[in-house]
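Asks: quick one, what's the 3D model for this:
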Amino acid sequence: MSDAQLVNIDPAIETPIPVQNDSDQQEHVRTFNSFVHVVLSFVLHAPLLLGGIYAMTLGGSVALGALMAVAGIAILILG
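Replies: The predicted structure follows:
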């Protein structure tokens, strides 16, 4: 960490904390955005797939259930 700057962000901490350079920060932001995108895709995928399975088996609407299941799988694949 020779190129890191030392910044004291908390006055209660006497030891300065090393701050990453801009390229590291950009990589962290890119990784965080990718993680948020994957979580959002899964949050949309799971209820659609489970709702589709329910509609096909217990709900009595095979066409709607199949459409929901296919939409859920497509969201997961296409992201």
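Asks: can you give me the buried ones in the longest helix along the chain?
Replies: The longest helix of the chain (DSSP state H) is helix 22-57. Residues of helix 22-57 classed as buried by neighbour count (16 or more other Cβ atoms under 10 Å): 45, 48-49, 51-53, 55-56. The way it works is simple: take the backbone N, C-alpha and C, and place the C-beta from them, glycine included.
Asks: ok now that helix, how far from the chain's centre?
Replies: The gap between where helix 22-57 is centred and where its chain is centred comes out at 4 Å by Cα atoms, centre = their mean, to the nearest Å.
Asks: next SSE after it?
Replies: Next along the chain after helix 22-57, taking DSSP states H and E as the criterion, comes helix 62-78.
Asks: which residues touch that next one?
Replies: 41-42, 44-49, 51-57, 59 (Cβ atoms under 8 Å, 6 or more residues apart in numbering).
Asks: for those residues, which one is nearest Q26?
Replies: S41 (22.8 Å; Cβ to Cβ).
Asks: who's in contact with that closest one?
Replies: The contact partners of S41, taken as Cβ under 8 Å, 6+ apart, are 75-76, 79.
Asks: top of those residues by neighbour count?
Replies: Within the contacts of S41, most neighbours by other Cβ atoms under 10 Å means I75, with 18 neighbours.
Asks: got a pLDDT number for that one?
Replies: On pLDDT, I75 comes in at 90.
Asks: what of G72?
Replies: G72 is assigned a predicted lDDT (pLDDT) of 92.
Asks: what about the nearest residue to it once chain neighbours are set aside, distance to S34?
Replies: Using Cβ to Cβ, 6 or more residues apart in numbering and skipping residues adjacent in sequence, the residue nearest G72 is L48, 3.2 Å away. As for L48, its distance to S34 is 22 Å (criterion: Cβ to Cβ, to the nearest Å).
Asks: mind listing what G59 touches?
Replies: For G59, the residues meeting the contact criterion (Cβ under 8 Å, 6+ apart) are G65.
Asks: the same query, at a cut-off of 10 Å, please.
Replies: Counting by Cβ atoms under 10 Å, 6 or more residues apart in numbering, G59 touches 51-53, 65, 68.
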